[in-house]
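Quick one, fold the following:
(chains A, B, C, D and E)
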Amino acid sequence: MLNGISINMYIMLSAVLFIIGAVGVMARRNSIILFMCIELMLNAVNLLLVAFSTLHVDAKGQVFVFFVMAVAAAEVAVGLAILSMIYRNMKTIDIDELSKLKH
Amino acid sequence: MLTGLLIIVPLIASLLLFLVKGNGSRNLALGLSVVEFALSIVAFMQLKHNPASKELVLNCTWVESMGIHFAVGLDSLSMLLVLLTTFLVPLIILSSFGTTYERPNAFYGLIMLMQMALVGVFTANDGFLFYVFWELALIPIYFICLLWGGEGRARITFKFFVYTLFGSLFMLVALIYLYSHTGFDSGIKSWAINDLYEAGRNMTLAQQSVVFWCIFLAFAIKMPLFPLHTWQPDTYVNAPTQGTMLLSGIMLKMGTFGLMKWLLPVTPLAIQEWGGVAMGMAVFGILYASCIAIVQKDYKRLIAYSSIAHVGLIAAGILSANQQGLQGAMMQMLAHGVNVVGLFLIADILVRHTGTREIDRLGGIRSMNGNFAVLFLIILLGSVALPLTNGFVGEFLLINGVYQYGAWVAAIAGLTVILGAVYMLRSYQGIMLGERKDSAVAFGPLATSDKAVLIIVCMAVIAFGVYPKPLNDLAESGVKEFLLNIK
Amino acid sequence: MLGYTITQWLFGILSFLAIMFALMVVFTRNPINSVLYLVLTFFCIAGHYLLLNAQFLAVVHIVVYAGAIMVLFLFVIMLMNLNQDTEPQKTVISKVVAAIAGGLLLFVMVGALRGSEQLQIKQYGHSDIGLVKNLGNVLFHDFLFPFEIASVLLLAAMVGAIMIGKKEIK
Amino acid sequence: MKGLFIISGLGILAMLAEIFKFKKILYPLVLVGILAAYAMTFVDWNPPTDHLSRLDELTASFSNMIRFDQVALAFSGVILVTAFFWFILASHYFENETNITDHFALVLFALVGALMLTSFSNMTTLFLGVEILSIPMYVLAASRKKDIASNEAGFKYLIMGSFASGFLLFGIALVYGATGTFDLGGISHYISNSHGDVPAFFYAGVIMMLIALCFKVSAAPFHFWAPDVYEGSPTVITALMSTVVKTAAFAALMRLFNVGFHHIGDVWGQIMAVVIGLSLVISNITAASQQSVKRMLAYSSISHAAFMLMGVLANKNGFDSISSILYYSLAYSVGSIASFTVLYNVSKDNNGHIEAFNGLSKRNPFLAVCMVVALLSLAGIPVTAGFFAKYFIFTTLIGTPYKWLLGVAVVTSAIGAYYYFKVLIAMYFKPAISTEPVKVEMSHTVLLIITTLFTLAIGIVPGYIIGIFK
Amino acid sequence: MVKLIGLVPLFPLIGFLINGFFGKKMSKGLSGAIASIAILASFIVSLLVFFDLLEHPDTTSHVVSIFSWINSDTLHIPFEFLVDHLSSLFLLIITGIGFLIHIYSIGYMHEDEGFSRFFTYLNLFVFFMLLLVLGNNYLIMFVGWEGVGLCSYLLIGFWFKNTAYNNAAKKAFIMNRIGDLGFLLGIILIFVTYGSISYGDVFGVARGANESTATAIALLLFIGAMGKSAQLPLYTWLPDAMAGPTPVSALIHAATMVTAGIYMVVRSNVFYIMSPAASEVVAVVGVATALFAATIGLFQNDIKKILAYSTVSQLGLMFMGLGAGAYSSSVFHVMTHAFFKALLFLGAGSVIHAMGGEQDIRRMGGLKKALPVTFMTMFLGTLAISGVFGFSGFFSKDEILAHTYEYSPVIWFFGSVTSLLTAFYMFRLMFLTFWGGFRGTHEQEHHLHESPKSMTFPLVVLAILSVVGGLIGLPEFWGAKNWIGEFLEPVATQPLNMLGHDQEIILMSIASVGAIVVIYFAYMVYRKNNVLPLEKESDMKPFQKLVYNKYYVDEVYDFLIRKPLDFISDILSRYVDKKMVDGVVNGVGTAVDGLSSVVRLLQTGNISFYILSMVVGIIAILFYTFIK
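Model prediction:
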């Protein structure tokens, strides 16, 4: 019991959030939403890390979350830069349009 | 050391040739290959007088951690095939003098490279080295066929390459599997041939069976045996004549020799279990290929199929695993190598003089060039194994060996005696005899180089048919020792 | 209340909201709304952090995500003028397939994530690991190397973003 | 470790070059720097005893986050050598592009990530390494800004890479949750002490990390990004991806699974075996009908990844398999660099369509011969390095229960020969589209000579590399 | 003297080499002389050896080693010659008749452009034939055996521009090869059974083997004999072999090569004695062939074909004798047959020569005036072959029949019928050729001339031999000793003839009277009534038609063997090999290509799909690991 809440609940919660993010990546065409969904996935992981950190009474988990945040920020920065470039070139950010490379 | 030299000389020759531009290359190639032949004669003498000589073996560490050695050695059996190789390569080079090839230096360089690999295959005493040379032999011949071949060569040579590669990869896996079973007592893994033998013999039947089929596949494709032969006729027909000669004269022996040296002693149990199936393939292939050869219209293709039939008998002899069978196989390998080179040269001469290889379009050449007819006939008789030609000794011993395996098998295998005569005489009659056809009108005298090659081949055909003793003794003692080893 | 502690209630409500907002992120058509729902989700997650005694992290979380990253998203959306409901949608089939895949993923994950009961429960409640001082100690001692090297990461991202974003000068 | 610092410093130096205007000498500087870093791996290789303790001290001072043991150094060496070759290959790329310094910096930062992946001993450094390697690569893939294909490649790479990172993180979190530590040694210790009494989600974590890393090395069914990204990216960047990035990802995978999780090999072994089989089949079969050499090389890289995974799979104990992977990655990298160099020179405009190779033997025999050697090596024909690479892998795998993979590998290798030889046939057989000879600049000539000789040399004497850890 | 035996085959070999290499540059006379002298030299040496043997009755055989040929562990095959009574007798026949035929050929072939080539082949043939009989083991015999087959091939197809001749040559070679395979397997079985194939070793221990092995060996060897000696069912090549120049027919296809089968059976008589079953087969096949060929001979019109069928028939009689155990009698008949059949062939050659190449007896007639020598000698030969009392053929044939009667009266009966038929068709030939009016063209008539001396000389010699040749084997009950039987005693023990003298006289009388009656009958038909053979096939009666067409055996073989073989080969080549076997291989390639173009469609380029695939992969993996 973790504060009266089983660790299982946290695992399940973050799994659910993670999967919602994943489904979002699969189901949306707007590239920005895709990024957002990926952020959601990362946040689910963060939540899990914090929960485990508390479970183990260990700060490393929380420190790790900082790094995840840093990485997430970096990815978003690069991602949005690329996206804006694509928008400049193609006037769209619909991922179904971004499928010239295939087979 | 001598063995090492035999491998290095062609390598150096090949590198030299790649550097030499222009037409001098073919004389250089011929010269170097003759040097190589002389060297092999020296080795032969050495082997004869002092079989235990250290000159004949070379053993250096190659990859120590894996137990891989650059171990080559000449024993009686490998000596024979090395002699065949070094004897044929000059002839093959000489036979090319009647044709002008583009970029001759590359052409001859590749032939010499091929020779190196072939000598390596025949002398290797290390499983890994054997495999390396085995594969290495494939590259030059692939390029020879690809660059100087006939129509449709890209597809055909490619099929040949992938087909043989496919087989040899299985062999590689099986060899590695054997290797992983070495060092049972000592704990030290090794690729040395005797260790592989031992490893194979310590295996269970199931394990041996896997090893047997994997390795047999490679050899069967290379030889080729029915039903893995379909790359062969197309490749033979499409390759430049010299390529075909290399393929059929020497390279084919890699398969048969491999079967003997690298499979027979390794998997005794599996051979008891599966030898019959393999034998069936070999013997059925004889009939199958002979029958097909009968109706071939293209002379080169006919020889190709006849080659399948011959090699089927050789394989059957090896699989019978007795003195006569193995010795016969050795002798027949030599004979077949020489004869087939002659026959393919004849096919080449026909094309050069008449522009066709279609038997139906040829005819009556005998009345234009009697000497050619005689030379042709002698080689042909060697090929149908008439007594006192080189083909007979091997064939007799082979059928003898197979008979000891099974009388009916021998009876069926022996049908090659009849069918061989059928297709060979049919083709001879079609090409040489009868009224002169239009294609033969311009059939003039042979080029000196062609004549020289044919005469040498004919001399070999008769000399080793009448007096095979020098080679036969070697084969006999080699096989005896070999059988002692594997028993 | 119904046998649940307050913490449990809070957990339940926050979880419910987080999941609901997360779903809204995925299912809302308007990108702006998606962003806003995502921000709400992040707030819920921050709530969880607080529940888990990770106070500092909760604050950082809000600042970084809600404050910085999401604003960036908003900027970009507005820059591209995507603020409309009529953006092209996936076909129903692909959505259904995505949903099914998600459902299956959930199913197998739940199956895979069993067994956490075995974890030994450690002391809870009075831990102060989430405090800045503790975190700082760990970060600058144990995680010194990653911390330093993270700078390379950020540099790379910065250089990359600038390089990509810059107009080509001919 | 010094190498890592040198490369980081070089990256920063590259950025400074823009400001302090020494762009001109940056290129030689970088080359020298890489060589220096490479030299450092030798310095660290066999430290005297006192030095060894200092090394440990250093490691300890970083709380065991990173550990340059021999394996790490060896792989660093491979990466640095490859990087050096790559820089020669890319000389043109740096000349033509604007933002030269940015490119330099990004590549160098990616190298930092790669070196981290060879030497991490904590999941934090693993994660950071992966990201430091990936993020510059996303940018570089998209670096031809006007080219829609390049944009798309970068974008695809980014989305899918991030998605995979999510799984990596989830896996890390779960493993952390079960073990309470990020340290590889700690995890290994935990596994061996728990005697199988670990929560199931630990395994789930391991498998998710496996999946994420399989994505990074582009193993099927997580390979989909690779062909598209390889094709869309600028050719030199593709070369970088298929060599340095791949080697690094492998080093990481191997370190994680052979050091961290090797006690539970039964759990991931089966999965990895299936992944390998699938990769071999899909990659080789798909490659057979490709018309773009660049794309074909992408599929070929998937198949090579599968081979290297075999090495990981077979690595039960000892260094045999590690050295096999090392050898494989070296052979593959060098072969790839050579083939990409030729590709780059042959097909500057039409994106590597196979027709560009038609009649190359006439237009530039030297290039053709180098390509032949490279292709033979990639196809695994003796006596090239690629043959030994395959051989070593086979040897290590034969003692495991996954022998059936060898059958798959053999059959698919034969198919592999099919598409490599398609290029070969095009070069030597098909009529050339133009008779004009292909010009190659000096640096590339030298590079090709070096790589070709290198391929043959380590093919002839592989003992030095394969016996490196003994 | 025996030591010089190596010279016997050596001379023809030298002759062959000289003619082979330099023949074209030499004059025809020189070329022919060299060839003939080579054979003459051999003949002289053979004679010396023969007398040497006679002088030392106690030593029965000499082995002369030349060199070691093939060795394989226990299998030693030296190149050794065996000189014993049997081989020396054959030496004399071969070199003697060979020499005569060489002389004859000088005249016969004079106009031919391939003159030196002809003598090259002829010398080579003699060389191989000598090897065949001289060899001290089965393999050397096999060498000669195949070698003569080769020469037969070359000589039948001597006029190589003619396709029909070439076909005949090919047919001869291939049919012989069928027999050779049996022979070869027989040799191998001998080796496997006895561990050696040298006569001395094998015969010494032969009785140690069981009967079934002996039967197998005997039958396999007999298959070889069937091919070479043209027995049923492998006889059809011999009539076709008449395509060769006539001296060839005389030497190879009458006097020497075709008797190799008899030599071989006599040589291997141990096995046949051990195996009554095999002997019975030999006897039955022999008599069947004899009768069968004789009936065909009745209605043939080609002068050489008639002689060819006669040869087949006579060979059948010899085998009949062998089957009955009459080994020396058969050898005796071989010898006399060599005399008179060579004579007849050479005579026929002379006729053909005179007729300008015409071979059809329907176009001849009344030649006895134009060709007196030929006529006289041929007439003597005909009397000999017909078994007219007192001529050589009478004694040898009678001896065989006597033994056969003892063995089986049924076989004797058919054998006797055969010899009566022989008398009939031979006289039919004589009457049609030499009596009556000339039926050829005027031009031919104008050119009719007796052959040159070089051709008539051998005829005369052979005629003398045909008349007196029987003296070496007079029946014992005449008080004379059967010299040849005794001479061959060490090689082939012939069962003593247990017939009473009166029985023997009765048999002899039946044969003599029968022959006279038949000759008279032939006289009545062809001389008195001037019956001419029918020109058109459609006029013939069914049986006659059947026989005229040689029982359609060639057609049957064609239908049963050649056509199916060609058909199967064609199917194999065109469909099985290309479509099936190679089809599978190419199919794999195509399948890979096809699969490739399908699988690559997976690469849709769509990120959502890629992610979906990844997720599906993950689901599968997790499912496999945790849920199953």
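
From D:Val245, how far off is the residue of chain C found nearest chain B?
Going by Cβ to the nearest Cβ, chain B is nearest to C:Phe145 of chain C, at 34.5 Å. Where C-beta positions appear, they are placed from N, C-alpha and C, glycine not excepted. To D:Val245, C:Phe145 is 22 Å away according to Cβ to Cβ, to the nearest Å.

rewinding a little: where's the residue of chain C closest to chain B, which helix or strand?
helix C:144-165 (DSSP states H and E).

Enumerate every residue touching B:Gly249.
B:Leu84, B:Leu88, B:Ile92, B:His336, B:Gly337, B:Val338, B:Val340, B:Val341, B:Phe344 (Cβ atoms under 8 Å, 6 or more residues apart in numbering or on different chains).

I meant C:Gly130, not that one.
A:Thr54, A:Ala59, A:Gln62, C:Leu52, C:Asn53, C:Ala54, C:Gln55, C:Phe56, C:Leu57.

Can you go through the residues you listed and name the buried ones?
Among the contacts of C:Gly130, those scoring as buried are A:Thr54, A:Ala59, A:Gln62, C:Leu52, C:Asn53, C:Ala54, C:Phe56, C:Leu57 (criterion: 16 or more other Cβ atoms under 10 Å in any protein chain shown).

immediately after the helix or strand where C:Leu104 lies, which helix or strand?
Per DSSP H and E: C:Leu104 is located in helix C:92-112. Next in sequence after helix C:92-112, counting helices and strands by DSSP H and E, comes helix C:132-141.

Helices of chain A, residue ranges please.
For chain A, the helices defined by DSSP state H occupy A:7-27, A:31-56, A:60-90.

among the ones you listed, which is nearest D:Val411?
For D:Val411, the closest of those is helix A:7-27, at 33.7 Å, according to Cβ to Cβ.

on contacts alone, who are the packing partners of the closest one?
helix A:31-56, helix C:6-27, helix C:31-51, helix C:92-112, helix D:148-179, helix E:607-622 (3 or more Cβ pairs under 8 Å, 6 or more residues apart in numbering or on different chains; DSSP states H and E).

Format those helices as CSV; extra columns: distance to chain B and mean pLDDT.
Listed next are these as CSV, based on distance: least, Cβ to the nearest Cβ, whole Å; pLDDT from 0 to 100:
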stretch, distance to chain B, mean pLDDT
helix A:31-56, 42, 91
helix C:6-27, 49, 89
helix C:31-51, 53, 90
helix C:92-112, 35, 86
helix D:148-179, 31, 92
helix E:607-622, 27, 89
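
after the lowest-mean-pLDDT helix or strand in chain D comes which helix or strand?
Here the helix or strand of chain D ranked lowest by mean pLDDT, DSSP states H and E is helix D:49-61, holding a mean of 62. The element immediately downstream of helix D:49-61 (helix or strand, assigned by DSSP H and E) is helix D:70-89.

Kindly format the C-alpha coordinates of that next one as CSV.
What follows is helix D:70-89, C-alpha atoms only, in CSV (Å, rounded to 0.1, in the frame of the first residue of the first chain):
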residue,chain,number,x,y,z
GLN,D,70,37.9,-3.0,-23.0
VAL,D,71,34.6,-3.8,-24.7
ALA,D,72,33.6,-0.2,-24.6
LEU,D,73,37.0,0.9,-25.8
ALA,D,74,36.9,-1.6,-28.6
PHE,D,75,33.6,-0.4,-29.8
SER,D,76,34.6,3.2,-29.4
GLY,D,77,37.5,2.4,-31.6
VAL,D,78,35.3,1.0,-34.3
ILE,D,79,33.0,4.0,-34.1
LEU,D,80,35.9,6.5,-34.2
VAL,D,81,37.5,4.7,-37.1
THR,D,82,34.3,4.6,-39.0
ALA,D,83,33.7,8.3,-38.1
PHE,D,84,37.1,9.2,-39.4
PHE,D,85,36.3,7.4,-42.7
TRP,D,86,32.9,9.0,-42.7
PHE,D,87,34.4,12.5,-42.4
ILE,D,88,36.6,11.9,-45.4
LEU,D,89,33.5,10.7,-47.3
